[in-house]
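Trainee: With the sequence up front, the predicted model follows.
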Amino acid sequence: MDISEVKDRDPDLVDALVAVWESSVRDTHLFLSEPEILDIRGYVPEAVSLVEHLIVAVDDEGSPVAFMGVQDGSIEMLFIKPQERGKGLGRRLVEKGIGEYSVNRLAVNEQNPQAMGFYEHMGFCAYRRTELDEQGNPYPLVYMRLPDCRSHS
């Protein structure tokens with residue numbers, strides 16, 4: 001499994017990453033309705049194209065199976081194909097983010113407890129919660145950071 005930053009975000013790659021996003025969201029974001037998934041899907045190509053650092057994991061055939069977007073030290077997106085979950089890929093992506101891109105914070109949907117547990121396992125802790133997501137929808141977000149948020153306000 002190769003993991004590297006991608007600078008050239010050609011349309012084929014963006015399409016492949018949207019497919020990774022969609023399969024991951026359908027597997028983990030059970031609180032979203034079908035129309036909401038389709039609506040959000042429309043924003044994914046732009047998000048993938050504009051994020052400062054795009055780190056992509058590809059399988060032995062060169063097909064993307066996971067990706068992470070990092071902006072200003074924050075994980076903005078991390079999605080893994082369902083069949084690749086539980087194999088250490090998320091850990092490898094987050095460790096790369098911390099080590100190479102100074103990642104120290106993120107926001108996660110509270111209604112995605114597997115993701116929250118994963119980030120806690122990776123050393124992040126919650127320091128703030130909102131009732132609405134960044135688009136104003138009723139999906140609470142939990143903001144997490146490294147290393148120890150108990151010492152921060």
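Mentor: Done, it's in.
Trainee: longest helix anywhere in this protein?
Mentor: Ranked by number of residues, the top helix in the chain under DSSP state H is helix 11-28.
Trainee: Which residues does the most centrally placed residue in the chain form beta bridges with?
Mentor: The centre of the chain sits closest to Leu78, judged by C-alpha atoms, centre = their mean, with a distance of 1.8 Å. Counting by DSSP bridges, Leu78 is bridged to Met68.
Trainee: Look up the pLDDT of it for me, please.
Mentor: What the model reports as pLDDT for Leu78 is 98.
Trainee: again with the one 4 residues further on
Mentor: Among the per-residue scores, Pro82 shows a pLDDT of 96.
Trainee: ranges for the strands of the protein?
Mentor: 2-5, 53-58, 64-71, 74-80, 105-109, 125-130, 141-145 (DSSP state E).
Trainee: CSV for these, including distance to Arg41?
Mentor: For the C-beta atoms, the positions are set from N, CA and C on the backbone; glycine is no exception. What follows is those, written out as CSV (distance: least, C-beta to C-beta, whole Å):
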stretch, distance to Arg41
strand 2-5, 24
strand 53-58, 18
strand 64-71, 15
strand 74-80, 12
strand 105-109, 16
strand 125-130, 23
strand 141-145, 19
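Trainee: which ones are touching Gln114?
Mentor: The contact partners of Gln114, by C-beta atoms under 8 Å, 6 or more residues apart in numbering, come to Thr28.
Trainee: Could you measure from it over to Arg105?
Mentor: Per C-beta to C-beta, to the nearest Å, Gln114 is found 19 Å from Arg105.
Trainee: likewise Val51?
Mentor: Distance from Val51 to Arg105, by C-beta to C-beta: 15 Å.
Trainee: Gly86 now?
Mentor: Counting by C-beta to C-beta, the gap from Gly86 to Arg105 is 25 Å.
Trainee: higher neighbour count, those two?
Mentor: Using other C-beta atoms under 10 Å as the criterion, Gly86 and Arg105 rank with Arg105 on top: 15 against 10.
Trainee: Name all residues that make contact with the more buried one.
Mentor: Here Arg105 is in contact with 73-75, 124, 143-146 (criterion: C-beta under 8 Å, 6+ apart).
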